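Q: Okay, predicted coordinates and the sequence, questions at the end:
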Amino acid sequence: MSQDFSAEQKRYLEGFVAGAAASRAVGGSAAGAQQSHASVPSGPDAPHLAAQDAQVKAGKKLADPEKWKRDEHPFDAYARLTAEAATGKLPGPADNFRWRYFGLFNVAPAQDSFMLRMRIPNGILKAHQLEGCADLAARFGGGYLHVTTRANLQMREIAPVNAKALLEELTDLGLAARGSGADNIRNVTGSPLAGIDPVELIDTRPLCRQWHFHILNHRVLYGLPRKFNVSFDGAGLSPALEETNDIGFQAVEVREAGEAGAGIWLRILLGGISGHHDLARPSGVFCRPEEATDVADAIVRVFIDHGDRTNRNKARLKYVLDSWGFDRFLAAVEETLGRPLVRIDEARIALRPGTDRHAHVGVHPQRQPGLNWIGVVMDVGKLTCSQAEGLAAIAREFGDGDIRLTVWQNLILSGIPDDRVAAAEARIAALGLSTAVTPVRAGLVACTGNAGCKFAAADTKRHALEIAAHVEARLAIDVPVNIHLTGCHHSCAQHYIGDIGLIGARVPVNDEGDTVEGYDIAVGGGFAENARIGRTLWKGVKAEDAPAHVKALLRAYLLNRNGPDEGFQAFTLRHEPEVLDRLATSGIAPLREAAE
């Protein structure tokens, strides 16, 4: 065959090269380059293209993920994903970003495999869905599931060749993974006891479901400047941690008087991102529950237009709010929404019901007479396939068939009659799981850690269990204590809202630059009615010394608190860090104790 190109082929290649050069000039594909020169971009990705163009025109350089989205939109690349995965190929950086739009994460070098993250609105599964996930994990993954801090499920150790079958069979179960990673709106969380809570103001399940399907069916809501979190809290016993989200909807009761009518409204909080030392703040605006999806949509669209597409570290909603202020941002939301938002004087808002930090663990009576929920404790979220199958069977045979995942990395079985509680607990125990309420393990939270995440600086799940065992063997803790371990600055385990929060760090051990796994330790964080960002107390603690540090801190609390009614957070807040350090370390030499 001749190696010479025809005149037509040469013209084609010249045009292709010219198009590629134009693409590089604006950081996108040839199609994107041509579109950016049009007066107005068109199609479902138009707002994103316009926002990119505006930042380039302002002299800014697009971040690499913005270029990757422009080069080839991830949803246009499914055929290539499945074709390449079938050969056993794991993606490089650009496609690793794209494949996250389908829920698949290349976690190398921690593991030479994919992790799959799902979308489970309000964290509620049916028994057959949990059973199905266990089957998929056994056939395509590592034989286990992880409950995450967004009341979600992760599946790990997925060989690339299994990617297509896994995604398709997950859809067969009625579950989705679409948009569960990258620059998208993540799994929507709600009150874990929605619909069964005896004190809640509103059932968040229909709100989460409506938002979930709204996202799935609007492509424009994908490809944001950065990830985005939305949560609905119904003011029940077990909180949804809505204050850690970009948008938090809080159910409140509005009293009579004023232009806005009395009844149940949603207070809108904005800008939460605990890993960046900020919780969502009340915006001063409210909406009726049935308006929540429209309001959330308008907020997201303003973020699409004005979020930072240059600096990934400043690309969350919080930074738009910091730059603009709430008044300007809300004015833009109202313009997008097409109507004014409702302002309500906080003096008209009734006090919300208090939360119970142990409501997600153990046996509790539901609002429905004669029925109960049972909260099941797991080892920082890990479920074997046999345990998942067993829990699905218990939910189906003893309860209403629902499995409720929580942000505390455990799960709840609901609808269990009074006379069947003991039998259900016995079946749970036979699976190697517990329903017992313990002050430490009920609030023990850990991200994946470096056993399965390339960003983590420490093996958080293993270290969390070591800390719990060390403390429980040496101290009788009589109040709930949340201990959160996160592996890196992404703070997936939200360490800053724990009573004690640990974030992974490499700790130097000599002058040659050698390091070992360790943590920086913060104290005094909180959530719900005690929402607060913790303060750093110790930096560079070796992982092997972390259990002794945590034990020493809790021992200092027990010895120096103002009676049993003073919680751990209140104790830490009335002491400066140097005082807490002295109280914790006094009388302990060395701090790292032998296991006597």
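A: Okay, I see it.
Q: middle-most residue in this structure, spatially?
A: Against the mean C-alpha coordinate of the chain, by C-alpha atoms, centre = their mean, the closest residue is Arg150 at 4.0 Å.
Q: what sits against it?
A: Gly123, Arg186, Asn187, Thr189, Asn229, Val407 (C-beta atoms under 8 Å, 6 or more residues apart in numbering). For glycine as for every other residue, the C-beta is placed from the backbone atoms N, C-alpha and C.
Q: where's it relative to Ala493, distance?
A: 11 Å (C-beta to C-beta, to the nearest Å).
Q: which one of the contacts of Arg150 has the most neighbours?
A: Thr189 (30 neighbours; other C-beta atoms under 10 Å).
Q: State the distance from that residue to Pro547.
A: In terms of C-beta to C-beta, Thr189 sits 30 Å off from Pro547.
Q: now do Gly181
A: 33 Å.
Q: low pLDDT regions in the stretch 151-300 of the chain?
A: 257 (pLDDT under 70).
Q: And the strands in it?
A: 153-158, 189-190, 230-233, 247-254, 263-270, 281-287 (DSSP state E, counting those that start in this stretch).
Q: Please apply the same query to the stretch 451-596 of the chain.
A: Under DSSP E, counting those that start in this stretch, the stretch 451-596 of the chain gives strands at 483-486, 500-508, 515-523, 535-542.
Q: Next, the contact list for Ala194, please.
A: Ala194 neighbours (C-beta under 8 Å, 6+ apart): Asn122, Ile124, Glu200, Asp203, Thr204, Arg205, Cys208, Gly234, Gly236.
Q: And Arg535, how close does it get to Cys492?
A: In terms of C-beta to C-beta, Arg535 sits 21 Å off from Cys492.
Q: Between those two, tell me which one has more neighbours.
A: Using other C-beta under 10 Å, the more surrounded residue of Arg535 and Cys492 is Cys492, with 22 against 16.
Q: Now that one: closest residue in space that isn't a chain neighbour?
A: Among residues not flanking Cys492 along the chain, Cys447 sits closest, at 4.1 Å (C-beta to C-beta, 6 or more residues apart in numbering).
Q: How about Arg427?
A: Ile394 (5.1 Å).
Q: does that neighbour sit in a helix or strand, and which one?
A: helix 385-398 (DSSP states H and E).
Q: That helix to strand 153-158, inter-axis angle?
A: Counting by axes from the mean of the first three to the mean of the last three C-alpha atoms, to 10 degrees, helix 385-398 lies at 150 degrees to strand 153-158.
Q: and the closest residue to Gly487 other than its chain neighbours, what does it touch?
A: Nearest residue to Gly487 in three dimensions, chain neighbours excluded: Ala456, at 2.6 Å (C-beta to C-beta, 6+ apart). Shown in contact with Ala456 (C-beta under 8 Å, 6+ apart): Ala110, Cys447, Thr448, Gly449, Asn450, Gly487, Cys488, Gly504.
Q: all helices of the stretch 251-400 of the chain, in order?
A: Secondary structure of the stretch 251-400 of the chain by DSSP state H, counting those that start in this stretch: the helices cover 292-306, 317-324, 326-337, 385-398.
Q: I'd like the ones you listed laid out as CSV, including distance to Leu475.
A: Shown next, in CSV, are those (distance: least, C-beta to C-beta, whole Å):
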stretch, distance to Leu475
helix 292-306, 43
helix 317-324, 37
helix 326-337, 44
helix 385-398, 29
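Q: Quick one, which of those gets closest to Thr438.
A: helix 385-398 (18.9 Å; C-beta to C-beta).
Q: what's in contact with the helix or strand following the closest one?
A: Scanning forward in sequence from helix 385-398 by DSSP H and E, the next helix or strand is strand 402-405. Contacts with strand 402-405, where a contact means C-beta under 8 Å, 6+ apart, come from 120, 122-127, 129-130, 147-148, 151-153, 192-193, 373, 391-392, 395, 411-415.
Q: Mind exporting the C-alpha coordinates of strand 402-405 to PDB?
A: Taking C-alpha atoms only, strand 402-405 is exported to PDB below (Å, rounded to 0.1, in the frame of the first residue of the first chain):
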ATOM      1  CA  ASP A 402     -35.300  -1.000  54.500                       C
ATOM      2  CA  ILE A 403     -31.600  -0.700  55.300                       C
ATOM      3  CA  ARG A 404     -30.700   2.900  56.400                       C
ATOM      4  CA  LEU A 405     -27.100   3.900  56.000                       C
END
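Q: what lines up beside that strand in the sheet?
A: strand 124-126 (antiparallel), strand 411-417 (antiparallel) (DSSP bridges).
Q: possible to save these as a markdown table with mean neighbour count, mean pLDDT and distance to Glu335?
A: As requested, the strands paired with strand 402-405 are exported to a markdown table (neighbours: other C-beta atoms under 10 Å; pLDDT from 0 to 100; distance: least, C-beta to C-beta, whole Å):
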| stretch | mean neighbour count | mean pLDDT | distance to Glu335 |
| --- | --- | --- | --- |
| strand 124-126 | 22 | 98 | 35 |
| strand 411-417 | 23 | 98 | 41 |
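Q: Now render those as a markdown table, adding distance to Gln250.
A: Below are those laid out as a markdown table (distance: least, C-beta to C-beta, whole Å):
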| stretch | distance to Gln250 |
| --- | --- |
| strand 124-126 | 20 |
| strand 411-417 | 21 |
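Q: quick one: which of those strands is nearest Gly88?
A: Using C-beta to C-beta, the nearest of those to Gly88 is strand 124-126, at 30.8 Å.
Q: And the next helix or strand past the closest one?
A: helix 127-140.
Q: can you pull the buried residues of that following helix?
A: Ala127, Gln129, Leu130, Glu131, Gly132, Cys133, Ala134, Leu136, Ala137, Ala138, Phe140 (16 or more other C-beta atoms under 10 Å).
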